[in-house]
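> here is the input, now give the coordinates:
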Amino acid sequence: MNNLPIGSISQMEEFLKNNSSIKMEIEGKRSKYEFIKQVLLKTRYTKYNTLSKKEKIIIIKYLVKLVGYSKGHIKKLIQKLHKGLLVWNSSRNRNRFPIKYSPEDIQRLIETDVAHECLNGKTTKDILRRQFEVFGDNRFENISKISISHLYNIRNGNRQYGGSEALYLKHTQAVQTKIGIRRKPQPCGKPGFLRIDTVHQGDRDKVKGVYHINIVDEVTQYEMIATIEKISERFLKPIIEELLHAFPFMIYEFHSDNGSEYVNHSVARLLNKIHIEFTKSRSRHSNDNALVESKNGSIIRKLFGRNFINQKYAKIIDVFNRKYVNNYLIYHRPCLFTEEQVDKLGKIRKKYNTVMTPYEKLKFLENAEQYLKPGFSFEKLDKIAYTESDNEWAEKMRKAKMELFEKIKNN
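Below you'll find the model as predicted:
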């Protein structure tokens, strides 16, 4: 500090030119205040000074460089000096808000975000609530009461969270075919109206990657994922049939976009055989299949990324999906559900106020048992849903995912 130019503006300008790429800052608030005061007094930066605008700019840039304060902060301190109030008071007591969430509470949030790979605020809050209320983990009692806005405050500004491992994570060709009915599904609050789509895991050197089949129920958001090597009848037909039978409730309608992998005679015969109506998206109506499209990005791309994965790994990825992912999506990952409200102008507004898992949504339906297939009961499904907590299952799935990608990387 003693070797720094203080009174000469030309030396300050030369110092800034020679050290533009070097980061330096005076330590300690007391030392910073004393340095600012010395520079301003030595350069006669007073209320009635005769310095030019250029000289003032050089002094402020010099102080910003060495003190680390913003330009606005420096100007406020200059105003204080003019009033004779630029004095460091170490005994000043500041009013502070009481700390509501301890480091242990922040750690619970970090664990949850790492396990679930940082879901949106509403979903994360509901998981924290379920950890305490549903699964009886008393460590989550305080953090389960956190507001969504403050949850984002912690994610964006908390040092403990910022230093942790918490993760912040094609156009279809037009087809002319008479297969399927071109309309939007109308479930009217009844489960069994499925949306389906395919996600391709990249190309490399003209070699195709694996394909993920994503199938979602519109009302409950019951979701299942399967992975296959190729989009062909040999691989696709048995997987679709297996996924349809895996749903615990009756299936009434099967909806896809206009991709030829689904709009073909093979799939049509399969659906006709098990008495399921086949519908497809209308032209220039992108919202017809929007639910599954959004799930492609928020779930499949988050799980497997966008990088190329060779088709030879399709089987082990599918085992991972069946063993961990599908149960996680159904029983342990809360979803947001819309509520339609009519405003004063008569316009329908959609509000996302309801947060629950797809399984809870199924149970929440009026006379929910009437929709279950023979052989399924909520007593049996409860054993799957509540044997392990959301965080426990998510952590187990995360470790299995790391092992899966390690196999893919090393082979």
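> give me the pLDDT value at residue 335.
Note on residue 335: pLDDT of 92.
> next up, phi/psi of it, please.
phi -120, psi 160 (degrees, to the nearest 10).
> domains in this protein, by residue range?
When the chain is parsed with automatic domain parsing, its domains come out as 9-82, 103-162, 181-410.
> identify whichever of the ones you listed lies nearest to residue 96.
Closest approach to residue 96 among the domains of the chain is made by domain 103-162 (15.6 Å; Cβ to Cβ). (Glycine included, C-beta is placed from N, CA and C.)
> now do the end-to-end distance for the closest one.
End-to-end distance of domain 103-162 (Cα to Cα, to the nearest Å): 13 Å.
> pop out the phi and psi values for residue 25.
According to degrees, to the nearest 10, residue 25 has phi -160, psi 130.
> what's the neighbour count on it?
Neighbourhood size, residue 25 [other Cβ atoms under 10 Å]: 10.
> what about it, distance to residue 80?
21 Å (Cβ to Cβ, to the nearest Å).
> also residue 226?
Residue 226 is 67 Å from residue 80, by Cβ to Cβ.
> more neighbours: which of those two?
With other Cβ under 10 Å as the criterion, residue 226 and residue 80 differ in neighbour count, and residue 226 comes out ahead with 24 against 15.
> longest single helix anywhere in the protein?
helix 390-410 (DSSP state H).
> got the contact list for it?
For helix 390-410, the external contacting residues (Cβ atoms under 8 Å, 6 or more residues apart in numbering) are 111-112, 114-117, 127, 130-131, 135, 137, 303, 309-310, 313, 316-317, 320, 323-325, 327-328, 331-333, 388.
> for ChimeraX, what selects the buried ones among those residues?
Buried residues among the contacts of helix 390-410 (16 or more other Cβ atoms under 10 Å), as a ChimeraX selection:
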select :111,112,114,115,116,117,127,130,131,137,303,309,310,313,317,320,324,325,327,328,331,332,333,388
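> narrow the contacts of helix 390-410 to those in helices?
111-112, 114-116, 127, 130-131, 303, 316-317, 320, 327.
> distance-wise, check the residue nearest the centre of the chain relative to residue 60.
For the chain, residue 119 is the residue whose C-alpha lies nearest the centre (Cα atoms, centre = their mean; 4.0 Å). Going from residue 119 to residue 60 by Cβ to Cβ gives 44 Å.
> how about residue 35?
In terms of Cβ to Cβ, residue 35 sits 14 Å off from residue 60.
> hmm, back to that, okay if I get the domains of the chain as a markdown table plus distance to residue 95?
Formatted as a markdown table, the domains of the chain follow (distance: least, Cβ to Cβ, whole Å):
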| stretch | distance to residue 95 |
| --- | --- |
| domain 9-82 | 18 |
| domain 103-162 | 19 |
| domain 181-410 | 35 |
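> of residue 35 and residue 60, who's got more company?
residue 35 (18 against 15).
> what helix or strand is the closest residue to that one other than its chain neighbours on?
Leaving aside its chain neighbours, residue 35 sits nearest to residue 26 (5.7 Å; criterion: Cβ to Cβ, 6 or more residues apart in numbering). Using DSSP states H and E, residue 26 maps to neither a helix nor a strand.
> quick one: contacts for residue 26?
1, 32, 35, 66, 67, 68.
> re the thing from before, can you point out the buried residues in the longest helix of the chain?
Buried-residue list, helix 390-410, by 16+ other Cβ under 10 Å: 390, 391, 393, 394, 395, 396, 397, 398, 401, 404, 405.
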